[in-house]
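# sequence first, then the predicted structure:
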Amino acid sequence: MRNATSGVGLERSFQPASALAGAVEAAPRSGEMEEEDVAAYLFDLLVGARRLATSRRQRFLAYLIGMALEEARLLTMGRSAADGSRKARP
């Protein structure tokens, strides 16, 4: 794919980090897990992604992943920052 404005090629051979690649392929189907379990799984996956971004000195990406981590943490407790809820869901 080429950038329309500069014509510079944007192609890269993307190789996910081996630890993350295995985790993504081994992800259980969403119908097999409870909502909080899915959030906990994603939390664990995002922790690894944030560590990778931090080690690669991708500070802004690590920050954004940190925001997703916070949302996953809230979801494991039955809450969400998206709906402004402060109490646990039934």
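Structure received.
# apart from its chain neighbours, what residue comes closest to G66?
Ranked by CB to CB, 6 or more residues apart in numbering and with sequence neighbours excluded, the top spatial neighbour of G66 is R50, at 6.0 Å. C-betas here are computed from N, CA, C, even on glycine.
# can you check A62 too?
The spatially closest residue to A62, leaving aside those adjacent along the chain, is A53, at 4.0 Å (CB to CB, 6+ apart).
# quick one: what helix or strand has that neighbour in it?
Assigned by DSSP states H and E, A53 falls within helix 35-55.
# quick revisit: per-residue confidence at the residue nearest to G66?
On pLDDT, R50 comes in at 96.
# ok, it - contacts?
Residues in contact with R50, defined by CB atoms under 8 Å, 6 or more residues apart in numbering, are 62, 65-66, 69.
# those in strands, which ones?
Judged by DSSP state E, these include no members of strands.
# so how far is T76 from the residue nearest to G66?
The spacing between R50 and T76, counted by CB to CB, to the nearest Å, is 16 Å.
# and the helices in the chain, which stretches?
18-25, 35-55, 59-76 (DSSP state H).
# what about E34, how many neighbours?
By the measure other CB atoms under 10 Å, the count of residues near E34 is 8.
# how far away is it from A40?
Distance, E34 to A40, by CB to CB: 9 Å.
# point out where this protein drops to low pLDDT.
1-32, 84-90 (pLDDT under 70).
# residues touching the closest residue to R59 other than its chain neighbours, list them.
Spatial nearest neighbour of R59, excluding adjacent residues (CB to CB, 6+ apart): A53 at 8.0 Å. When contacts are counted by CB under 8 Å, 6+ apart, A53 touches 59, 61-62, 65.
# and if you look at E35?
L75.
# still on that earlier bit, give me the buried subset of the contacts of R50.
62, 65, 69 (16 or more other CB atoms under 10 Å).
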